[in-house]
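# Here is a sequence together with a model predicted from it:
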Amino acid sequence: MLKLLVVEDEVELLELYDLILSKDYIVFTTESGREAIEIFDRENPEILIADIRLPDVSGVEVIKHAKAKNPNVAVIGVSAYRERFKEALDAGAATVIQKPFLVKQIHKVIQDVLVNKQ
């Protein structure tokens, strides 16, 4: 089973990610960009879903760190702010999805990113 790390500062959304993704992936979740970096270094997940706007270390910094450690990691940025999309893509995200999004969309986005990575 692939490992997936989600960093999201909205607790309800973080719990939702865990609920919908845990039957298909080994899911690690955190509200903190700093902790996301620690989890990434320890677990080396194949997939990273990162909210761009976080209270401590930005999602863009988390993405940059992840891509520097593992250039093959599949990265999905998430933001409510369209103006932040380019920043995430420039940092190495394969795609960015805008909040709010339909929960069922996340499975398709993950599959698309994994297929395009190969």
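Nice, I can see it. Numbering: from 1, shown residues only.
# need the helix or strand of the protein with the lowest average pLDDT.
The helix or strand of the chain with the lowest confidence, counting by mean pLDDT, DSSP states H and E, is helix 103-117 at a mean of 79.
# got any ranges where this protein has weak pLDDT?
Counting by pLDDT under 70, the chain has low-confidence residues at 102-103, 117-118.
# Go ahead and flag the most central residue of it.
Residue closest to the average C-alpha location in the chain (C-alpha atoms, centre = their mean): residue 49, at 0.9 Å.
# Correct me if wrong: that one contacts residue 3.
No. Using C-beta atoms under 8 Å, residue 49 makes no contact with residue 3, being 11.9 Å away. Every C-beta, even on glycine, is put in place using the N, C-alpha and C of the backbone.
# what does the least confident helix or strand of the chain contact?
By C-beta atoms under 8 Å, 6 or more residues apart in numbering, the surrounding residues in contact with helix 103-117 are 2, 4, 16-17, 20-21, 24, 46-47, 49, 72, 74-76, 94-95, 97.
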